[in-house]
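S.K.: Make a model of this:
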Amino acid sequence: MDNTSKTAEIAPQAAPSQNRSNGLLRRVRAWGRLARRLLLQKLPAEEAQEVRQSVESDGQFTERYALMCALSAGIATLGLLQSSAAVVIGAMLVSPLMAPIASLGFGFASLDGRRIQAAARVVAIGALVGIGLGMALTWLSPIRNATPEIIARTAPTLLDLAVAILSGLAGGYATVHQRGETAIGVAIATALMPPLATVGYSLAVLRVDFAAGAALLFLTNLAAIAFSFALVARLRGVARPLARVEFKPFHIVLGSVAFLVLATPLALTLMQVTQEATAANAARREIARYFDVEAQQIVQLNVSWRAFSDPSVDATVVTPTFRTAAELELQQRLAQVIRTQPDLTIRQVVASDPRAQTEALINAAFQTRAAAEPAPVPLDPALVVPQPPIEQVRIASAFPIDAAWSDQAERVIFLRPAAIEELLLGDYRREELRLDSMFTDWRIVIVPPVQERVFLPFSTGSAAPNAMTQEAIEDAVWALSRWNVRRVTLEGMAGRRTIRSKVLRDLALARLDAVSTLLAETDLHIYAVIADREVTERLFTAYGDSRVTGVDIRIRLGVARPDSSTP
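M.R.: This is a model prediction of the structure:
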């Protein structure tokens, strides 16, 4: 009885868990059946034959095909020369290359050497038309510089390869199910004609490296799409049965050659993207170790490792100290890790404390530009900007420096000195002039510690600016420009009892008018008022009577205008 009772009590508790397991298993099986139906279910024999005939017919060489290749190449070349993404997309839509590539993929799926030969010939003709017209239009065009659209197509990346594979799968299924609207999206995604136009441009301007990279990109896209088509055709049963294929030795040789021609660039691309990923990880790790910083302080890292060449590493790092031999020492470290000598360029943004590092990170992020290949015309060595002497300027400064950064394009070094109570704005201004005279190749800009109020002294009982007032105004205008402030409030004072005395109020107003007149030629937006009792009392208590006998320039926070000279 006891055992029966225990069984009766346990069974109801185990049932919900078993039901959940059965429900999950049923859902997994349902999803499996759906996946097999979508991916592996073979088409009926008649429908498969119709698809094969349609693909073979569309992939044949015709006059229309040659014309559309020429038009597409012309549009692509002009779009690349004027760096217009919209025009380049138009060339992708016009390009007819997808049809013979689909036929090539179906040929690989069937191991049909005859079809592979025919499709490869059509693709080759289209490619030659694209390259030839790209060369001709480049020769006729006055534009010869490498635009961003051209540079973007001079080397395949892992993303390009992934896009080509996924696009090929999508195009294969669109072809099998005869969905023409999907094929349009595939044509845009794969971008077959722009790389060919880039090859033509590169040959016209004698940039063999550009031509090799663009050709590799085209062949990578071509191989990925063709093999993806072949996979879909075989999975869906659209490929011709192998028993019905004639295996002639000549066609077998041609098919094998075509396979190697496509597989080789695909393998090179995979090797290249793997090498670049490895080099990028090694560079980030070694740079962080060398400068003893966190990885996120490397604000920009570009690694390019073209086939049969040394890697190129370009990085910008925010560091507390500037290291003169950084490039040489890091180059040696990286060479030991990746077993080849890299071409290394390091830009150091110097910032010591957390706040300065944050500002430098933002400034470096805005100043970072995409690395571009040089124009066909060699650069004048006199125009090459050397590394900024940040550390030398820091050492030469008479004041301790909290942060330092540079704008290499404008050849400017910015310094933010530590806040020292005894120093006046004029001291920082004179130090800027001294450093600027020492480093003639670079302009030195000191950004003094921000003050909420800048005091302009007046002689007791006088509203006329004296020499001290004039100098204080010049120092204030200089500091406001360094702080990037455009809106200020002038607060007039004539002593502790300014608000209570009409005579003192009139004197304060006269001082405000005098300062406003002197600042009229600046681009400051000024709002003038008499200082209220609370402000006057606070300043009097903190600094004494002499502090409340002039005019305060008070910064109006939150309204500074962005400027490239300040991070």
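S.K.: burial of Thr440, as a residue count?
M.R.: 7 (other C-beta atoms under 10 Å). All C-beta atoms are positioned from the backbone trio N, CA, C, and that covers glycine.
S.K.: Met438 too?
M.R.: The tally of other residues near Met438 (other C-beta under 10 Å) stands at 12.
S.K.: what sits against the closest residue to it other than its chain neighbours?
M.R.: Excluding the flanking residues, the one nearest Met438 by C-beta to C-beta, 6 or more residues apart in numbering is Ala396, at 6.0 Å. Ala396 makes contact with Leu435, Met438, Phe439, according to C-beta atoms under 8 Å, 6 or more residues apart in numbering.
S.K.: repeat for Leu425
M.R.: Pro448, Gln451, Val454, Asp475, Ala476, Trp478, Ala479.
S.K.: What ranges does the stretch 301-450 of the chain have for its strands?
M.R.: Here the stretch 301-450 of the chain has its strands, by DSSP state E, counting those that start in this stretch, at 312-319, 343-351, 401-407, 412-417, 443-446.
S.K.: what's the next secondary structure element after the host helix or strand of Ser72?
M.R.: Using DSSP states H and E, Ser72 sits within helix 63-81. Under the assignment DSSP H and E, the closest C-terminal helix or strand after helix 63-81 is helix 85-94.
S.K.: what mean pLDDT does that next one have?
M.R.: Helix 85-94 shows a mean pLDDT of 82 in the predicted model.
S.K.: To what extent is Leu133 buried, counted in neighbours?
M.R.: The criterion is other C-beta under 10 Å. On that basis, Leu133 has 22 neighbouring residues.
S.K.: Am I right that it is in a helix?
M.R.: Yes: counting by DSSP: H, G, I helix; E, B strand; the rest coil, Leu133 is found in a helix.
S.K.: quick one: it from Ala239, how far?
M.R.: For Leu133, the distance to Ala239 equals 34 Å [C-beta to C-beta, to the nearest Å].
S.K.: ditto for Tyr65
M.R.: For Tyr65, the distance to Ala239 - C-beta to C-beta - is 23 Å.
S.K.: of the two, who's got more company?
M.R.: Ala239 (25 against 20).
S.K.: Can you tell me the closest non-neighbouring residue to that one?
M.R.: Distances taken as C-beta to C-beta, 6+ apart place Ala109 nearest to Ala239, at 3.6 Å, with adjacent residues excluded.
S.K.: Am I right that the one you found sits in a strand?
M.R.: No: using three-state DSSP, the assignment for Ala109 is helix, not a strand.
S.K.: ok, it to Ala224 distance?
M.R.: Taken as C-beta to C-beta, the span from Ala109 to Ala224 is 15 Å.
S.K.: which one among the contacts of Ala396 gets closest to Ala283?
M.R.: Phe439 (30.5 Å; C-beta to C-beta).
S.K.: Does that closest one touch Ile390 like I think?
M.R.: No: using C-beta atoms under 8 Å, Phe439 makes no contact with Ile390, being 10.3 Å away.
S.K.: So between those two, which is more surrounded?
M.R.: More neighbours surround Ile390 than the other of Phe439 and Ile390, with 22 against 16 (other C-beta under 10 Å).
S.K.: quick revisit: what about the contacts of Ala396, which are in helices?
M.R.: Leu435, Met438 (DSSP state H).
S.K.: any idea which of the contacts of Ala396 is closest to Gly168?
M.R.: Among the contacts of Ala396, and counting by C-beta to C-beta, the member closest to Gly168 is Phe439, at 56.8 Å.
S.K.: where does the stretch 101-250 of the chain have low pLDDT?
M.R.: 158, 178-191, 241-250 (pLDDT under 70).
S.K.: can you give me the helices in it?
M.R.: Taking DSSP state H, counting those that start in this stretch as the criterion, the stretch 101-250 of the chain contains helices spanning 113-140, 148-151, 158-176, 180-190, 193-204, 208-235, 249-291.
S.K.: And for the stretch 451-567 of the chain?
M.R.: 467-483, 502-518, 533-543.
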